[in-house]
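> Following is a predicted model, sequence given first.
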Amino acid sequence: MLVHANEVLTSGFKGTDLAKIMNMNVNQFYDYRNGNKKIEKARLETLIKFEKAYLYVLDKQKRTIDRKKGVLQ
């Protein structure tokens with residue numbers, strides 16, 4: 001879960017969009033992204049929210065790849 005959370009934090013997606021998907025306060029999300037809060041010390045509930053965002057990021061990346069291949073119109 002920590003690996004996935006770090007991938008979300010370093011993704012190129014806007015923090016406001018990710019925070020909305022995660023149902024998390026935007027400032028809290030940016031505290032994790034900026035390193036003010038350590039993701040390693042996050043509660044399980046928070047890590048589950050990051051896992052939800054990770055699935056969103058994966059889906060978006062897959063759709064982009066498929067679109068480039070011409071699978072999606």
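In hand now; what should we look at?
> which element follows whichever strand or helix holds Asp31 toward the C-terminus?
Element membership for Asp31 (DSSP states H and E) is helix 26-34. Going down the chain from helix 26-34, the next helix or strand is helix 44-69, by DSSP H and E.
> quick one: average confidence on the helix holding Asp31?
Averaged across helix 26-34, pLDDT comes to 97.
> Identify each buried residue in it, please.
Under the neighbour-count criterion of 16 or more other CB atoms under 10 Å, helix 26-34 has 28-30, 32-33 buried. To be clear about C-beta, it is placed using only N, CA and C from the backbone, and glycine gets the same treatment.
> what's the closest of those to Asp59?
Among the buried residues of helix 26-34, Phe29 lies closest to Asp59 (CB to CB), at 18.8 Å.
> What sits closest to the closest one if chain neighbours are left out?
Using CB to CB, 6 or more residues apart in numbering and skipping residues adjacent in sequence, the residue nearest Phe29 is Ala19, 4.0 Å away.
> Next: Arg33.
Leu9 (5.0 Å).
> ok, the one you found to Tyr56 distance?
14 Å (CB to CB, to the nearest Å).
> before we move on, the earlier item: can you get me a residue count around the residue nearest to Phe29?
Applying other CB atoms under 10 Å, we find 20 other residues in the vicinity of Ala19.
> Which residues are in contact with it?
25-26, 28-29 (CB atoms under 8 Å, 6 or more residues apart in numbering).
> Reformat the residues you listed as JSON lines; add distance to His4.
Below are these laid out as JSON lines (distance: CB to CB, whole Å):
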{"residue": "Asn25", "distance to His4": "20"}
{"residue": "Val26", "distance to His4": "20"}
{"residue": "Gln28", "distance to His4": "18"}
{"residue": "Phe29", "distance to His4": "15"}
